[in-house]
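> Sequence unavailable; structure follows:
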């Protein structure tokens, strides 16, 4: 919708999207048995070169006096069932904008946008949401009330069933009337302001500020709530230490010969020990970016212009994956962290999405453009910038994770660092050269018709980029928090 009135140009509109996406992506549909050499290499020293030996050996006692028992077998087991999720969500947007020619030298762009990003709902209610909190008081496992009849393992005859272990670890199972199992933010108002002012016939100043909400994160399938028990679920079982074999809940040793016979995948009979509980922040705050810039452009000559400027952005409530069921204290090296997690009967570090990240980008830049004769032009620019963040690219980040996201007084803010896409210095040279061929050019300037169509109108483009490298993380093999 557009209306022009005197020096104003008004624009407004509505937008609605109903987004559907079905996914069949079990993490370990065929199962996975790992032989990492934990039993056959030096104790507490990671060495995968002996994994083949561990594969061939069956767990047993040491063959020498004072030796270490258990020198074979599986040390890590992963398996999941098969289930399809049929997801959907709604988006609503409203915007209004006014391009106002205040005076001949000043133009203002004023706008306001409102966005609403609905939470994902599974078409058949086949999803669940784990809300972390203090055991016994704040931790909840939400299931849509429409799936109240879906079978759950547990009870007096199943001490390792889901309901039994949830009660033991202080997780309250709640059947929710909210099918999305989460609440979206409704106050996503985003103002935008821009101006262009001609200070002199050769000097123009431009500035702008805008807020932009982005509630559609390309996060992949891992944090999808449809991948939760009792619909889609997976197990990750691992050995407690290099001296102890991995033993299933039925008492059998994890060996290649037994495969996955000891892990039931029927929801009503599932042994929930080691079950992964995925979650997404219940009161979901929409991520947003505040962008701002100030640029000046000056005409040195009829063929030369130079621009100086500053560009910046501040991002808030970026989605991150800190994980759930993590330790919240510093442990001495050598202690097993699984013994200090808040919900010891469930998987440590399961996927959990929260809008707690932030970032800041600041850059100074200079551009120079010169137009030569005979169709040759050159553009050069230099940018000095810096990006700091507590978040990372959800699908392609190579900066390491957080040291202690749940450690009181530390959290993710103490890991605010250079982003993995930070490039401090960048220089670009580019331009265009119109080849001197064809009508009106140096060669074949009298050609016409088909000849000019063949040889005329050609141009060459060129570009050169010089830039600094990108940062990387040096990891620590021993995790203590």
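On my side now, so go ahead. Bear in mind that the values here come from a model prediction, so they are computed numbers and not experimental data.

> Name all residues that make contact with the residue nearest to residue 244 when sequence neighbours are not counted.
Among residues not flanking residue 244 along the chain, residue 70 sits closest, at 6.5 Å (Cβ to Cβ, 6 or more residues apart in numbering). All C-beta atoms are positioned from the backbone trio N, CA, C, and that covers glycine. Taking Cβ atoms under 8 Å, 6 or more residues apart in numbering, we find residue 70 in contact with 39, 59-61, 243-245.

> repeat that with 7 Å
39, 59, 243-245 (Cβ atoms under 7 Å, 6 or more residues apart in numbering).

> Same check on residue 94?
14, 114.

> likewise residue 13?
1, 95.

> name the element it belongs to?
Applying DSSP states H and E as the criterion places residue 13 in strand 8-23.

> average model confidence for that strand?
Averaging pLDDT along strand 8-23 gives 94.

> Tell me which residues of that strand come out buried.
Buried residues in strand 8-23, counting neighbours by 16 or more other Cβ atoms under 10 Å, are found at residue 23.

> Tell me how far the residue nearest to residue 244 lies from residue 236.
20 Å (Cβ to Cβ, to the nearest Å).

> ok, now how distant is the residue nearest to residue 244 from residue 52?
For residue 70 relative to residue 52 (Cβ to Cβ), the value is 17 Å.

> And for residue 88?
47 Å.

> and if you look at residue 280?
Distance from residue 280 to residue 52, by Cβ to Cβ: 41 Å.

> Also residue 208?
Distance from residue 208 to residue 52, by Cβ to Cβ: 61 Å.

> Comparing those two, which residue is more hemmed in?
residue 208 (16 against 12; other Cβ atoms under 10 Å).

> Tell me if residue 226 really is in a helix.
Yes: counting by DSSP: H, G, I helix; E, B strand; the rest coil, residue 226 is found in a helix.

> If you tally nearby residues, what's the number for it?
25.

> That one touches residue 85, doesn't it?
Yes: assessed by Cβ atoms under 7 Å, residue 226 is found in contact with residue 85 at 3.1 Å.

> give me the beta-bridge partners of the residue lying closest to residue 3 once chain neighbours are set aside?
For residue 3, ignoring the flanking residues on the chain, the nearest one in space by Cβ to Cβ, 6+ apart is residue 10 at 4.6 Å. Judged by DSSP bridges, the bridge partners of residue 10 are residue 3, residue 98.

> doesn't residue 98 make contact with residue 10?
Yes: here residue 10 reaches residue 98: they are 5.5 Å apart, a contact under Cβ under 7 Å.

> so after the strand holding residue 13, what's the next helix or strand?
Counting by DSSP H and E, what follows strand 8-23 is strand 32-34.

> Check the offset of that following strand from the chain's centre.
27 Å (Cα atoms, centre = their mean, to the nearest Å).

> can you check stretch 148-166 too?
33 Å.

> need the helices for the chain, in chain order.
If DSSP state H is used as the criterion, the helices of the chain fall at 51-56, 162-168, 449-455.

> Which one, of the ones you listed, ends up nearest to residue 333?
In terms of Cβ to Cβ, the element of the helices of the chain nearest to residue 333 is helix 51-56, at 23.6 Å.

> List the contacts of residue 77.
33, 237, 246, 254 are the contacts of residue 77 under Cβ under 7 Å, 6+ apart.

> Please apply the same query to residue 51.
Contacts of residue 51 by Cβ under 7 Å, 6+ apart are 35-37.

> Model confidence at it, what's the number?
82.

> got it, and residue 205?
97.

> Same question for the one 10 residues further on.
Predicted confidence (pLDDT) at residue 215: the value is 80.

> Could you report the neighbour count for it?
Residue 215 has 21 nearby residues by other Cβ under 10 Å.

> same question, residue 350
Residue 350, neighbours per other Cβ under 10 Å, totals 23.

> Ok, the one 4 residues further on next?
Per other Cβ under 10 Å, the neighbour tally for residue 354 reads 21.

> could you list every residue that touches the spatially closest residue to it that is not a sequence neighbour?
Once flanking residues are discounted, residue 354 sits nearest to residue 281: 4.5 Å by Cβ to Cβ, 6+ apart. Residues near residue 281 by Cβ under 7 Å, 6+ apart: 353-355.
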